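Novice: sequence unavailable; structure follows:
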């Protein structure tokens with residue numbers, strides 16, 4: 001989707017710019033709307049704790065496949081999970097975009113949710 005113009009190679013359209021730069025824009029209306037729908041889907045409860053019968057409030061929506069690495073999955077419902085702040089911190093190595101072993105294990109759950117390709 002990179003456009004070629006006279007003498008200007010590689011112009012990226014504004015709407016797609018964050019996908020190519022690798023930066024997720026968490027202040028945009030599209031993300032806020034998606035975040036609210038994921039929290040509503042989970043009943044504002046942590047989806048990991050819910051599996052074990054515990055009622056813990058979810059405050060964060062986590063990208064199982066990181067948006068910086070997999071921008072094409074950034075707004076897919078199957079790639080988003082409602083988590084408490086504590087569980088979200090367990091998913092990431094702070095200071096980097098790398099996932100912990102716990103974060104990597106969530107990818108198995110996401111692959112079960114992912115719809116089959118046509």
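Specialist: Thanks, I have it. Bear in mind the structure is a predicted one, so any value in this text is a computation, not a measurement.
Novice: sec struct for residue 82, please.
Specialist: Put simply, residue 82 is strand when judged by DSSP: H, G, I helix; E, B strand; the rest coil.
Novice: quick one: the closest residue to residue 85 other than its chain neighbours and residue 91, what's the gap?
Specialist: Nearest-residue entry for residue 85: residue 59, 5.4 Å, with adjacent residues in sequence omitted and distances by C-beta to C-beta, 6 or more residues apart in numbering. C-beta coordinates here come from the backbone N, C-alpha and C atoms, glycine included. Counting by C-beta to C-beta, to the nearest Å, the separation of residue 59 from residue 91 is 14 Å.
Novice: shared neighbours, these two?
Specialist: With contacts defined as C-beta atoms under 8 Å, 6 or more residues apart in numbering, the residues adjacent to both residue 59 and residue 91 are residue 83.
Novice: the two: which has the busier surroundings?
Specialist: It is residue 91, of residue 59 and residue 91, that has more neighbours when counted by other C-beta atoms under 10 Å, with 22 against 15.
Novice: what helix or strand is the residue nearest to the more buried one when sequence neighbours are not counted on?
Specialist: The shortest distance from residue 91 to any residue other than its chain neighbours is 3.7 Å, reached at residue 103 (C-beta to C-beta, 6+ apart). Under the assignment given by DSSP states H and E, the secondary-structure element containing residue 103 is helix 101-113.
Novice: what's the answer for residue 55, then?
Specialist: Short version: residue 55 belongs to no helix or strand, going by DSSP H and E.
Novice: just give the number of residues close to it.
Specialist: By the other C-beta under 10 Å criterion, the neighbourhood of residue 55 contains 9 residues.
Novice: could you measure from it over to residue 99?
Specialist: From residue 55 over to residue 99 the distance is 26 Å, taken as C-beta to C-beta.
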